[in-house]
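[1] Below: sequence and its predicted model.
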Amino acid sequence: MHIQPNIQTLDSLPRPEDGPKRRVYDNVADMIADPENPTPMVRLSARSRPTPGFDIFVKLERSNPFGSIKDRTALYLLRGTPLRDDQVLTEPTAGNTGIALAALANAQGTSIELALPDGTPEEKKALLRFLGAELLEVEDELCPLFPTEGARGVVKSLVESVAFNGRYVSPNQYENELNVEAHYRTTGPEIWNQTEGKIDYFFAAFGTCGTITGVGKYLKERKPDIKIIGIEPASRQHKLSGIKKISNLPPEHRPKILDYSLIDDIIAVEDNQAFEAGVQLARTEGLMVGPTTGACLHAAKLVGAQTSGVAVVISPDDATKYVSAYAEYLANR
């Protein structure tokens with residue numbers, strides 16, 4: 001018996017209004033999370049919770065198309081930065097924002113040059129080279145005093161130099177309010193909806209401070225007694241890419257977009273505590289996260305050992321960008 005194959009064109013398939021969303025996109029930028037298409041959250045099992053009464057949910061931002069929470073930031077920054085065809089996008093980055101900007105720039109045909117600390121994980125550098133971004137590696141701490149040091153200083157000179165005649169344009173994620181808006185309009189509402197408003201604690205690392213400010217503002221507007229906990233490295237000399245130490249900074253060096261009034265507590269985490277928490281999460285829950293997530297989870301467990309409630313931990317990316325760093329940690333364990 002001859003069976004006629006069932007051949008359908010794309011237009012003949014069920015339309016979104018006829019059933020579940022097809023998740024077919026016209027542009028890679030449309031894949032970036034928003035409240036209608038949120039990144040997932042996973043509730044940790046009893047093995048990973050400090051007490052039975054303290055629930056921890058991990059929000060997995062690796063589900064964004066370029067693998068990190070910075071996809072949201074990059075989309076807002078790029079949409080808010082007018083560029084002529086003859087101009088080059090440039091930005092200082094610890095890796096994730098640069099990866100997202102490079103991918104989005106490629107999708108719209110924009111040239112990009114990025115400045116990053118030479119201590120940036122090799123996996124991130126490899127991804128940026130894969131995307132074709134021109135890299136300016138700078139002898140720079142992962143946690144420099146800003147805004148004129150290291151990678152930020154290099155980009156500032158490119159943008160302001162008369163010699164380049166306006167060739168370089170930087171959205172400046174460290175001072176651009178669009179960084180905050182991205183999380184106020186997307187990450188914050190997603191967390192509120194996913195927890196049905198039952199969230200008591202929110203944990204996020206200090207980086208550019210767009211995430212903690214945007215999400216913190218949104219959540220505080222809806223639940224003023226929620227606790228917003230910021231995570232920083234224990235010292236400025238550390239191996240946690242993308243995290244910044246903000247305690248005891250003089251006023252002129254404080255992050256411009258951080259709203260300190262939103263922060264209820266700051267917890268400092270040692271490198272080994274962050275890496276160990278990341279390793280244990282993989283081995284107990286199967287969640288492969290980066291050391292920044294490990295730092296936030298370590299802090300959440302400290303808080304949870306003394307109280308009850310519902311906590312959400314931001315997981316900015318995954319373990320694949322830190323394989324060599326994890327390997328070094330495990331070898332020296």
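    The structure has been received and is ready for your questions.
[2] Looking at the residue nearest the centre of the chain now. What's its pLDDT?
    By CA atoms, centre = their mean, the chain has its centre lying nearest to residue 69, at 3.2 Å. The per-residue pLDDT reported for residue 69 equals 98.
[3] In space, what's closest to it - neighbours in sequence excluded?
    Among residues not flanking residue 69 along the chain, residue 61 sits closest, at 3.7 Å (CB to CB, 6 or more residues apart in numbering). All C-beta atoms are positioned from the backbone trio N, CA, C, and that covers glycine.
[4] what about the one you found, neighbour count?
    Per other CB atoms under 10 Å, the neighbour tally for residue 61 reads 25.
[5] can I assume it is in contact with residue 41?
    No - the pair residue 61 / residue 41 is not scored as a contact, 10.3 Å apart, by CB atoms under 8 Å.
[6] residue contacts, the residue nearest to residue 69?
    33, 39, 68-69, 71, 314-317 (CB atoms under 8 Å, 6 or more residues apart in numbering).
[7] Filter the residues you listed down to the ones in helices?
    residue 71 (DSSP state H).
[8] what residues does the host helix or strand of residue 97 touch?
    Using DSSP states H and E, residue 97 sits within helix 96-108. With CB under 8 Å, 6+ apart as the test, helix 96-108 has contacts from 27-29, 64-71, 73-75, 77-78, 89, 91, 93, 111-112, 114, 116, 124, 127-128, 131-133, 173, 208, 242, 316-317, 321.
[9] now stretch 303-315
    By CB under 8 Å, 6+ apart, stretch 303-315 touches 41, 49-51, 53-62, 69, 187, 191, 195, 198-205, 211, 215, 227, 229, 267, 287, 289-290, 292-293, 296-297, 300.
[10] Would you mind checking those residues for buried ones?
    41, 49-50, 54-62, 69, 187, 191, 195, 199-205, 211, 215, 227, 229, 267, 287, 289-290, 292-293, 296-297, 300 (16 or more other CB atoms under 10 Å).
[11] Distance of residue 180 relative to residue 214?
    The spacing between residue 180 and residue 214, counted by CB to CB, to the nearest Å, is 4 Å.
[12] still on that earlier bit, what separates the helix holding residue 97 from the chain centre, distance-wise?
    The chain centroid and the centroid of helix 96-108 are separated by 14 Å under CA atoms, centre = their mean, to the nearest Å.
[13] buried set for it?
    Per 16+ other CB under 10 Å, helix 96-108 contains these buried residues: 96-105.
[14] Would you map the strands across the stretch 51-200 of the chain?
    Residue ranges of the strands in the stretch 51-200 of the chain, as given by DSSP state E, counting those that start in this stretch, are 54-60, 88-92, 112-117, 134-138, 168-169.
[15] between the ones you listed, which one is nearest to residue 152?
    Taking CB to CB, strand 88-92 is the member of the strands of the stretch 51-200 of the chain nearest to residue 152, at 4.5 Å.
[16] tilt between that closest one and strand 134-138?
    30 degrees (axes from the mean of the first three to the mean of the last three CA atoms, to 10 degrees).
[17] and strand 88-92, which strands flank it?
    strand 112-117 (parallel), strand 168-169 (parallel) (DSSP bridges).
[18] Which of these sits closest to residue 150?
    Among the strands paired with strand 88-92, strand 112-117 sits nearest to residue 150 (CB to CB), with 6.1 Å.
[19] What's the mean pLDDT across that closest one?
    93.
[20] And for it, what's in contact with it?
    With CB under 8 Å, 6+ apart, strand 112-117 has contacts from 88-95, 98, 101-102, 105, 124-125, 128, 133-142, 144, 150-152, 154-155, 158, 168.
[21] switch the cut-off to 7 Å
    88-95, 98, 101-102, 105, 128, 133-138, 140-142, 150-151, 154-155 (CB atoms under 7 Å, 6 or more residues apart in numbering).
[22] Check stretch 70-88 too.
    29, 32-33, 64-65, 89, 96-97, 100-101, 104, 110-113, 167-169, 171, 173, 176, 178-179, 181-183, 186-187, 210.
[23] how about the strands paired with strand 88-92, which one is nearest residue 260?
    The nearest among those, by CB to CB, is strand 112-117 at 25.2 Å.
[24] Tell me how far the closest one lies from the chain's centre.
    17 Å.
[25] Repeat that for stretch 116-123.
    16 Å.
[26] Mind listing what's buried along it?
    116-117, 119-121, 123.
[27] Any idea how far apart the tips of it sit?
    13 Å (CA to CA, to the nearest Å).
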